[in-house]
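**Q** Give the three-dimensional model of this entry:
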Amino acid sequence: MDQLTTDLDQLAMVSLTWGPATDPAAPLALLLHGFPDTAHTWRHLGPELAAAGYRVVAPFTRGYGQSGFPADGSYHVPALMSDALELHAALDGDTRAVLVGHDWGAITANGIAAFDGSPFRRVVSMAVPPFSAMNPSRGSIGSWARILPRQARMSWYTVFNQLPALPERRFDKLVAHLWRRWSPGYDATADLAHLAVSLATTERKAAAIGYYRANTRPWQTPERYRHLGGAATGAPRAPVLYLQGADDGCLDPRWAAQVNGRLPHGGRVALVTGAGHFLQLERPDVVNARVLEFLAEEAP
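**A** Predicted coordinates:
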């Protein structure tokens, strides 16, 4: 594992890498982490993709780790999408490139999968499916309605993160609690240690919480990102593999069945048993095999 710094329009982005990160002869695999997590979440998948011939780049997203704070202060989803697209261009990526995201990284990846100008041929989304596929259909509105009450209770932290200052002051207890609830039985000691280094200051904690605050204020999205706004919640144009842990304590696992059959262009869904929200860490054997199988397939 190595480290790479890339200058983007709004910030310098630091990434963990596996394989020949700057060699354009190898296809690019871009891996995006979520909250409350870091690029170290890809320590199992990254080496496997590198062994399969990819140059793997896993950035610390805006405000995390040694990556910079955005000059425009934006943590909106279109801004996160823009960073991934800029990183692809800066690393001389091409149409062989693939994109993998978990949690907020999945939200970003789903948006790019729906973007007409996306250079990524395949997308893997973990723990958050494309929002368009979560909308009720005529035949699923009953099951959709049954999921919502429990999901509302599970999503309490999104409301808590709107409060001024308090989430930052309670941050360490909050994130430890979320890891316990979201992935029951998983020992997150190493991951919380990485997170403590990554978000060591109040300013960095505020940046991580800022993703949630920005999500409720889409009208504040800077003009430079607005061409990506429609795709952020749009239907995928690229094939998407959606993976979710069967014991996920963050997003109700019943969403997987709700989404199944609604991902176009050869997309598919798999529920991973014995895993919660952080399935790439809890069941790397299953997740890595699913991802490698999906990425090896030809376009439909």
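
**Q** ok but Val14 is inside a strand, no?
**A** Yes. Under DSSP: H, G, I helix; E, B strand; the rest coil, Val14 falls within a strand.

**Q** before we move on, what SS does the closest residue to it other than its chain neighbours have?
**A** Once flanking residues are discounted, Val14 sits nearest to Gln66: 4.2 Å by CB to CB, 6 or more residues apart in numbering. (Glycine included, C-beta is placed from N, CA and C.) With three-state DSSP as the basis, Gln66 sits in coil.

**Q** Need phi/psi at Leu32.
**A** phi -110, psi 120 (degrees, to the nearest 10).

**Q** my guess is it contacts Ile107, does it?
**A** No. At 9.1 Å, Leu32 does not count as touching Ile107 under the criterion of CB atoms under 8 Å.

**Q** so what sits against both of those two?
**A** Here Leu32 and Ile107 share the contacting residues Leu80, Gly101, scored by CB atoms under 8 Å, 6 or more residues apart in numbering.

**Q** Please tell me how far Thr233 sits from Gly267.
**A** 16 Å (CB to CB, to the nearest Å).

**Q** Compare neighbour counts for those two and give me the winner.
**A** Neighbour comparison, Thr233 and Gly267: the larger count goes to Gly267, with 25 against 17 (by other CB atoms under 10 Å).

**Q** In contact with the more buried one: list those residues for me.
**A** Pro236, Pro239, Val240, Leu241, Tyr242.

**Q** buried sites along the helix or strand of the chain with the lowest mean pLDDT?
**A** Scoring the helices and strands of the chain by mean pLDDT, DSSP states H and E places helix 131-134 at the bottom, with a mean of 86. Under the neighbour-count criterion of 16 or more other CB atoms under 10 Å, helix 131-134 has Ser132, Ala133, Met134 buried.

**Q** I'd say the second one and Leu263 touch.
**A** Yes. Taking contacts as CB under 8 Å, Ala133 lies within contact range of Leu263: 5.9 Å.

**Q** Residues that sit against both of these two, list them.
**A** Here Ala133 and Leu263 share the contacting residues Pro236, Tyr242, scored by CB under 8 Å, 6+ apart.

**Q** Make sure the residue nearest to Val14 is actually in contact with Phe60.
**A** Yes. Applying CB under 8 Å, one finds Gln66 in contact with Phe60, separated by 6.5 Å.

**Q** what about those two, which has more around it?
**A** Neighbours were counted for Gln66 and for Phe60 using other CB under 10 Å; Phe60 has more, 21 against 13.

**Q** hang on, the earlier thing: neighbour count: Leu32 and Ile107, which is higher?
**A** Leu32 (30 against 25).

**Q** Report the separation between the more buried one and Leu166.
**A** Leu32 is 27 Å from Leu166, by CB to CB.

**Q** now swap in Thr22 and tell me
**A** 42 Å.

**Q** What of His40?
**A** 27 Å.

**Q** try Asn215
**A** Remark: distance between Asn215 and Leu166 (CB to CB) = 18 Å.

**Q** Check Phe120 too.
**A** Phe120 is 37 Å from Leu166, by CB to CB.

**Q** Please apply the same query to Gly229.
**A** Taking CB to CB as the measure, Gly229 falls 29 Å from Leu166.

**Q** ok, the two, which is more surrounded?
**A** Gly229 (16 against 13).

**Q** ok, now which ones touch the closest residue to the more buried one other than its chain neighbours?
**A** Ranked by CB to CB, 6+ apart and with sequence neighbours excluded, the top spatial neighbour of Gly229 is Pro78, at 5.2 Å. Each residue near Pro78 by CB under 8 Å, 6+ apart is listed here: Gly111, Thr221, Tyr225, Arg226, His227, Leu228, Gly229, Ala231, Ala232.

**Q** In which helix or strand does the spatially most central residue of the chain reside?
**A** For the chain, Gly105 is the residue whose C-alpha lies nearest the centre (CA atoms, centre = their mean; 1.5 Å). In the assignment (DSSP states H and E), Gly105 maps to helix 104-113.

**Q** How about residues contacting whichever strand or helix holds Leu4?
**A** Assigned by DSSP H and E, Leu4 belongs to strand 2-7. Residues external to strand 2-7 that are found in contact with it (CB under 8 Å, 6+ apart): 12-18, 21-22, 57, 59, 66, 87, 90-91.

**Q** Direction included, what does that strand pair up with?
**A** According to DSSP bridges, strand 2-7 has the following sheet partners: strand 12-18 (antiparallel).

**Q** The partner strand: how far from the chain's middle?
**A** Centroid displacement of strand 12-18 relative to its chain, using CA atoms, centre = their mean, to the nearest Å, is 15 Å.

**Q** what about it, average pLDDT?
**A** Strand 12-18 comes out with an average pLDDT of 98.
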